[in-house]
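**Student:** Fold the following for me, if possible:
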Amino acid sequence: MATSSIGTGASPVGAPVTAGPGGSGNTASRRRLVARRFARNGFAVAGLATIVLLFAMAYLGPLLTPWDYDEIDYAAFLQPPSPEHWFGTTQIGNDVFAQTMRGLQKSLVIGLLVGLISTAVAAVVGAAAGYFGGWVDRSLMWVVDLLLALPAFLVIAILSPSFHGETWLVFVVLLAAFAWMITARIVRGMTLSLREREFVKAARFMGVPPWRIIFRHIVPNMSSLLIIDATITVGTAILSETGLSFFGFGVQPPDVSLGTLIAAGTDSALTYPWLFLFSAGFLVIAVLAVNLVGDGLRDALDPGSRRGRRSEPERKRKAARKAEGGA
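**Tutor:** All right, here's what the predicted structure looks like:
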């Protein structure tokens, strides 16, 4: 659960973020530069447009159909897609389109909340451990090591029955609780470097409180890392929610998510494919779009990461050309 594709080189420690007029101008200029880099990445733009479209469909789609996700049409059991039921109906007459839109809503919101919460926790814990050091660092890293050692899927599966009947936000908290540890370690390492920089030492010398230094000077200087991590965690959280809901440990009836819909349609995937294909298709599209946006943000915020990823194949091509020339 606590996975991250971000290394310490994905977001290098940059120039200090200042609150003065010059700092504001530099920040605005950097934002424009990042936006231009992102806009030149066709795959990233397509991913962002897809995410916007999915959110629009999830929240506007139910307004276009007369059926609610839990409403039953007693005259249409296991009906294929038709003008009346665009995605067909289930074994008990539920409209698959309405259920898919409801499930898409739930999965997207869960992924978004888990990404934001886990990244915020990672930023606070990692920055506090790196800045204060000593027993604070040892205690927080002990918690990180403990959570990394626990099998997240198994722990959530054991705890989830205790929260049946509770709001689905409890499930969000459980997912976020196992999604921040690796990023916290990266943030801690960056904080150890940042706290020795001149602008942080100057703030300490002026008597600025430690937590203000953390939130005003340290965390803003790793915003690139945190933005990328939050984006990637959204896709991971959607997959985690789907897997847990598939096995009955996530979103509980009568509510639905993409995971519960995929689980309900798996047995009928060959005989009644519309029960499975629409929810599975939206899951693949959503995760792919989020990953494309994450890759685009990484390349826009840190162009060096793209050069690094391309350097290995380029070195292989050069070595092959040299070998051919030598032969």
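**Student:** use CA for all of it now, contacts and neighbours both
**Tutor:** Noted.
**Student:** Any regions of the stretch 151-300 of the chain where pLDDT drops low?
**Tutor:** 164-166 (pLDDT under 70).
**Student:** Please enumerate the helices of it.
**Tutor:** 152-159, 169-177, 181-194, 198-205, 210-213, 223-246, 258-266, 274-301 (DSSP state H, counting those that start in this stretch).
**Student:** Mind putting those into CSV with distance to residue 50 and mean neighbour count?
**Tutor:** Output for the helices of the stretch 151-300 of the chain, formatted as CSV (distance: least, Cα to Cα, whole Å; neighbours: other Cα atoms under 10 Å):
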stretch, distance to residue 50, mean neighbour count
helix 152-159, 29, 14
helix 169-177, 24, 20
helix 181-194, 27, 23
helix 198-205, 41, 14
helix 210-213, 38, 15
helix 223-246, 14, 23
helix 258-266, 17, 23
helix 274-301, 6, 22
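**Student:** so which of the ones you listed comes closest to residue 112?
**Tutor:** helix 223-246 (5.4 Å; Cα to Cα).
**Student:** coming back round to it: for residue 75, which of the helices of the stretch 151-300 of the chain is the nearest?
**Tutor:** helix 274-301 (17.6 Å).
**Student:** Which elements pack onto the closest one?
**Tutor:** helix 21-40, helix 42-60, helix 96-132, helix 223-246, helix 258-266, helix 303-326 (3 or more Cα pairs under 8 Å, 6 or more residues apart in numbering; DSSP states H and E).
**Student:** got the angle for that helix vs helix 223-246?
**Tutor:** Inter-element angle recorded for helix 274-301 and helix 223-246: 170 degrees (by axes from the mean of the first three to the mean of the last three Cα atoms, to 10 degrees).
**Student:** Now render the helices of the stretch 151-300 of the chain as CSV, adding distance to residue 78.
**Tutor:** Shown next, in CSV, are the helices of the stretch 151-300 of the chain (distance: least, Cα to Cα, whole Å):
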stretch, distance to residue 78
helix 152-159, 31
helix 169-177, 31
helix 181-194, 45
helix 198-205, 65
helix 210-213, 58
helix 223-246, 21
helix 258-266, 11
helix 274-301, 9
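**Student:** Out of the ones you listed, which gets nearest to residue 93?
**Tutor:** helix 274-301 (11.6 Å).
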